[in-house]
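Asks: Turn this into a model:
(one chain, ligands or ions: 1)
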Amino acid sequence: MEYNTTLTTCTYCGCGCNFFLETLDGKLTNTIPCKTSPVNEGKLCIKGWNVHQFVQSDRRLTRPLVRKDGELTEVSWDEAISYTADRLKKIKADKGPDSIGFFASAKVTNEENFLMQKFARAAVGTNNVDHCARL
Ligand code: SF4
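Replies: Below is the predicted model of the structure:
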């Protein structure tokens, strides 16, 4: 039996709480708040306490899906990205850039959120940018 704890940062929001993820034989089993973290001082909200559960959930989407003939179908990342790029180009050409909006996520880094808004403004040409923290 192999047991480990790994100090890491919560992926759910920008507060950046720290905790230890417990693993037993390579499987995540528990979350333990970090008492020495200056951010959360040993406390977590309900999302942080349960953060270890979504990683191994069998309901988690791990591959891109594209709707084909009304059915969500697993596709490769290359196909999903090409499909999305083609659709964005067509919508922009037909309806203008402000017909497109971008919603960022608290589950990615600040740098990734920065890139998303840069893509929206510089590549697509819209200021329609928002974030799940406001939704
Ligand atoms: S534990 Fe809660 S408050 Fe802390 S980073 Fe995660 S979601 Fe945010």
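Asks: What strand or helix carries the spatially most central residue of the chain?
Replies: The centre of the chain sits closest to residue 107, judged by CA atoms, centre = their mean, with a distance of 3.8 Å. For residue 107, there is no helix or strand it lies in under DSSP states H and E.
Asks: how close does it get to residue 86?
Replies: Per CB to CB, to the nearest Å, residue 107 is found 26 Å from residue 86. Every C-beta, even on glycine, is put in place using the N, C-alpha and C of the backbone.
Asks: Where does the prediction get shaky in this structure?
Replies: Low-confidence segments of the chain (pLDDT under 70): 133-135.
Asks: Where does it get nearest to the ligand, which residue?
Replies: residue 48 (2.3 Å; CB to the nearest ligand atom).
Asks: what's that residue sitting at in phi/psi?
Replies: Main-chain torsions, residue 48, degrees, to the nearest 10: phi -60, psi -40.
Asks: burial count for it?
Replies: For residue 48, the count of nearby residues is 20 (other CB atoms under 10 Å).
Asks: I figured it hits residue 10, correct?
Replies: Yes - between residue 48 and residue 10 there is a contact at 4.9 Å, judged by CB atoms under 8 Å.
Asks: Can you show me the helices along this structure?
Replies: 46-49, 51-55, 77-95, 110-118 (DSSP state H).
Asks: So which bits of the third one are buried?
Replies: In other words, helix 77-95. residue 92 (16 or more other CB atoms under 10 Å).
Asks: if we can go back for a sec, give the contact list for the residue of the chain closest to the ligand.
Replies: Residues near residue 48 by CB atoms under 8 Å, 6 or more residues apart in numbering: 10, 12, 17, 19, 31, 33, 40.
Asks: Likewise for residue 34?
Replies: 7, 17-20, 40, 42.
Asks: could you redo the last one with a cut-off of 6 Å?
Replies: 18-19 (CB atoms under 6 Å, 6 or more residues apart in numbering).
Asks: so which of the helices of the chain comes closest to residue 63?
Replies: Nearest to residue 63 among the helices of the chain is helix 77-95 (8.1 Å), distances taken as CB to CB.
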